[in-house]
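Q: predicted model and sequence follow; I will ask about them next.
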Amino acid sequence: MIISRSRNTVSAGSLAHDSKPSKRAITIGRKTARIKAGNLRLLQITLNATGKQLLKTKYSLPATLRVTQATNGGIAVLASQKVIFKEH
């Protein structure tokens with residue numbers, strides 16, 4: 001899901017699960033693209049080393065995909081969607 005805005009940053013984060021429960025958000029993949037208003041673009045996001053390691057140990061990795069836009073006042077979240085990565 002991509003929303004047509006300029007300077008969109010797409011990142012996915014997941015909750016880390018260790019021996020004791022914690023709710024620390026980590027980044028497991030990131031992609032940056034510039035999209036002109038009114039246009040659509042398909043982006044493929046690959047997992048980083050942390051994401052690949054978690055997927056290898058858990059076999060199923062729930063995450064939240066966030067589409068954000070850099071603005072003058074900071075970063076605005078345009079869309080958010082839950083996704084599940086599965087090992088083949």
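A: On my side now, so go ahead.
Q: quick check: residue 45 vs residue 54, distance?
A: Distance of residue 45 to residue 54, computed by Cβ to Cβ, to the nearest Å: 15 Å. No exception for glycine: its C-beta is placed from N, CA and C like everyone else's.
Q: these two: which is more packed in?
A: A count of neighbours by other Cβ atoms under 10 Å puts residue 54 above the other of residue 45 and residue 54, at 20 against 16.
Q: can I take it that the more buried one is in a strand?
A: No. Counting by DSSP: H, G, I helix; E, B strand; the rest coil, one finds residue 54 to be helix, located in no strand.
Q: residue 57 in helix, strand or coil?
A: With three-state DSSP as the basis, residue 57 sits in helix.
Q: then residue 44?
A: Residue 44 ends up coil, using three-state DSSP.
Q: now the closest residue to it other than its chain neighbours: how far from residue 84?
A: Nearest-residue entry for residue 44: residue 31, 7.6 Å, with adjacent residues in sequence omitted and distances by Cβ to Cβ, 6 or more residues apart in numbering. Here residue 31 is placed at a distance of 18 Å from residue 84 (Cβ to Cβ).
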